[in-house]
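Asker: Here is a sequence with its predicted model. Questions after.
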Amino acid sequence: MNLKEHFAAWKKDCIKNKKKIYLSIFFLIMAIVLDYISGTYTDRVSSVVAPDLFLGHFGPMNLTFLFVWAYFFVIVIFFVYPFVFKPNKIHYAIGMFSLFLVVRSGFMILTHLRVPTDAIPLAPPWGLGIFFFSNDLFFSGHAALPFLGFLMFKDKRIKYFMLASSIILGLVVLLMHLHYSIDVASAFFISYGIYKIGNKLF
C-alpha cells in the first residue's frame, strides 16, 4: 500500500469512528481535570513518610532525564502508533489512557503517603511541571502506563518496547526515591485490571 492509499484508508477509518473518537476525547479532558485535582489534593494533604526495604539499600540516583523524557516519549508512542497505523483504534487508546488517569486519581486520593525525604528533586522543563506532582505515589504511572501499552498493542515491536519501558521506568522511579516499592509492584496488577475493564468499555 502506497502513501496515498494509506492516507485514504486512514481517513476512511477516522470518519467511520469519529463519534467514538469525539467521545473518547471528551472522556480524556474530564480525566485530565480529575487527575489535576487529585494530584494537587495529595500534594496538600500528604504528610507521612514510610520506611521501605528497597529504598533503604539503594540510591538515590539522579535519573531526571529518563524520568521526564523517557516517560514523555512513551506517552507520545502510546498515542502516535494507533493514530498513524491503527486509526480504527484511536478511540481505544484514548479511552484506555483516560481510564488509566481516572483509576489512578482514585487511588491517589485514598493514599496519603509523602514522597521519601531523600528523593531527587524534580524541575521539569518547559512548563511540564503542571503534569508532575510531588505526592501522587500510589500507584506508579511510570511503571503502569507502558505496561498497559504492552497489554494493549499487538505489534511485537511496540509491545516489547512498552514492556521494556515499564521495567526501566519502574527502576528509575525507585532509584530516584520518587516512589515506594509498593507503588511500582502494584502498578502491574492494577494495569492489568484497567486493561480488562477497558476492553469491556471501549
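Answerer: Sure thing, it's come through.

Asker: neighbours of residue 176, just the number please.
Answerer: Here the count is done by other C-beta atoms under 10 Å, and residue 176 has 25 residues near it. Just so you know, the C-beta spots here come from the backbone N, C-alpha and C atoms, and that holds for glycine as well.

Asker: Where does pLDDT dip in this structure?
Answerer: Within the chain, the stretches with pLDDT under 70 are 1-3, 5-7, 126-130.

Asker: Closest to the centroid, which residue in it?
Answerer: Residue closest to the average C-alpha location in the chain (C-alpha atoms, centre = their mean): residue 145, at 3.5 Å.

Asker: is it true that that residue touches residue 76?
Answerer: No. Using C-beta atoms under 8 Å, residue 145 makes no contact with residue 76, being 11.7 Å away.

Asker: Name the helix or strand for the residue nearest to the centre of the chain, please.
Answerer: According to DSSP states H and E, residue 145 maps onto helix 141-152.

Asker: what angle do the next helix or strand after that helix and helix 141-152 make?
Answerer: Next helix or strand after helix 141-152 toward the C-terminus (DSSP H and E): helix 156-175. Angle, helix 156-175 to helix 141-152, by axes from the mean of the first three to the mean of the last three C-alpha atoms, to 10 degrees: 160 degrees.

Asker: gap between helix 156-175 and the chain center?
Answerer: 11 Å (C-alpha atoms, centre = their mean, to the nearest Å).
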